[in-house]
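Turn this into a model:
(one chain, ligands or ions: 2)
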Amino acid sequence: MIHEAQWYKTLQDETVQCTLCPHNCVLKEGKTGICRVRVNKGGKLITEVYGFVSSMHSDPIEKKPLYHFYPGSNILSLGSFGCNLRCFFCQNCTISQTGADPDLPRTNYTPEQIVQLALKQPQNIGLAFTYNEPVVWFEYMVDIARLAKKSGLKTVMVTNGFINREPLKVLFECIDAFSVDLKSYTEDFYAKATSSKLGPVLDTLKQISQAGKHLEIVNLLIPGLNDEDESFTAMARWIAAELGKETVLHISRYFPHYKLTTEATSPDSVSRARLLAEKELTYVYSGNIYTESNDTHCLNCNAILITRHMFDIRTNGLDSDGRCISCGKYFLKKI
Ligand code: SF4
Ligand code: SF4
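Ligands and ions are numbered 1, 2, ... in the order given. Here you go, the predicted model:
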């Protein structure tokens, strides 16, 4: 569906500059941005994926992963095509490292149709924008999210956080919770493994936190690339200092995918990183490993609030207001 993009400037000779993400691509007539889905057509920036859904599923919210936002609920999750990063370990490369290719399977939905589908899903809390990078289908996501909020649904964005400040502010009006990848704490990793930069992602995390939005962070631990103790500890310290000690960090086990053939992260390596992070942060969980406890305990009385066995989630330690049933300490922020 042809749809004019937001967030661009017109330069000379029908050249445009996209200002949605920190790449700030300058595009001559007919050229496409790094994300492959925003193109200059006749001096206008067009989003080529408005209305295109590559996949849609009802997922446990823990799969996003969000552990402290409506635990145990389901959320209708959808993705489109494209990404502004080029991670050579991308787990979703078939939809992220492609443009709006007409040969790829997709379904067209209007924002109204998506919201109606979400409202009809049994035990569904809302909509999650995920699978490929939602930043690059900003206009479609925002139109859906605004309608969803009017219909009383919760909205979640799963993102790499590589977005400029002004468009991010718009998302605060219509997105309730963010799951953000912090892939490493070095500029070198971001440059070599993702073709992007760390600095803007750190800015995004601070902006989300300052806006008071629900935020959880995901780090995919890759052997030999981002699992070095010193930088991992520095990352956990930065999170504690800038975003707060109670910011949730998920450390996820990597498996070989796309262009990276390095062996999968060992469970021991994830445990080691988790111990380092737990020196700085209160809530650290292990992802893609089911041998470690990912239960949540009350900070006040240590009672178990939430038990997690894969995607079997029990919130028996919480009352309906999100307080510990043993001591009454408030745990969940209901949005
Ligand atoms: S969203 Fe796409 S076109 Fe726009 S600046 Fe980022 S990579 Fe470039
Ligand atoms: S940011 Fe996510 S979707 Fe994009 S290339 Fe990296 S891993 Fe894939």
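
who touches Gln123 in this structure?
By C-beta atoms under 8 Å, 6 or more residues apart in numbering, the contact list for Gln123 reads Ser73, Asn74. To be clear about C-beta, it is placed using only N, CA and C from the backbone, and glycine gets the same treatment.

and with 7 Å instead?
Shown in contact with Gln123 (C-beta atoms under 7 Å, 6 or more residues apart in numbering): Asn74.

Return the backbone torsion pair for Phe52.
phi -100, psi 120 (degrees, to the nearest 10).

Pretty sure Ala100 is one of the things it touches, is it not?
Yes. Contact criterion C-beta atoms under 7 Å: Phe52 and Ala100 qualify, at 6.4 Å.

Now do the shared contacts for these two.
Phe81.

Is Leu332 in a helix, a strand, or coil?
coil (DSSP: H, G, I helix; E, B strand; the rest coil).

Quick check: chain neighbours aside, which residue is closest to it?
Sequence neighbours aside, Gly322 is the residue nearest to Leu332 in space, at 3.0 Å (criterion: C-beta to C-beta, 6 or more residues apart in numbering).

Neighbours of that neighbour, how many?
Gly322 has 16 neighbouring residues, counting by other C-beta atoms under 10 Å.

can you pull the pLDDT of Gln123?
What the model reports for Gln123 is a pLDDT of 90.

Same check on the one 10 residues further on?
The predicted structure scores Glu133 at 98 on the pLDDT scale.

and it, how far is that from Asn302?
For Glu133, the distance to Asn302 equals 39 Å [C-beta to C-beta, to the nearest Å].

Of these two, which one has the most company?
Glu133 (30 against 11).

hang on, the earlier thing: my guess is the residue nearest to Leu332 contacts Ile335. True?
No. With contact defined as C-beta under 7 Å, Gly322 does not reach Ile335; the gap is 10.8 Å.

what pairs with Val158 across the strands?
On the basis of DSSP bridges, Val158 is bridged to Ser179.

Can you name the residues that contact it?
Lys64, Ala128, Phe129, Thr130, Ser179.

can you pick the most crowded of those?
Ala128 (29 neighbours).

which residues does that one contact?
Lys64, Ile75, Ser77, Val156, Val158.

Mind doing that once more with 8 Å?
Asp59, Ile61, Lys64, Ile75, Leu76, Ser77, Leu78, Thr155, Val156, Met157, Val158.

Can you list the helices and strands that the helix or strand that contains the fourth one packs against?
So the one you mean is Ile75. Element membership of Ile75 [criterion: DSSP states H and E] is strand 74-79. The contact analysis (3 or more C-beta pairs under 8 Å, 6 or more residues apart in numbering; DSSP states H and E) places strand 74-79 against strand 55-60, helix 111-120, strand 124-129.

And ligand 2, is that strand touching that?
No. Strand 74-79 lies apart from ligand 2 when judged by C-beta under 6 Å from any ligand atom; the minimum separation is 9.0 Å.
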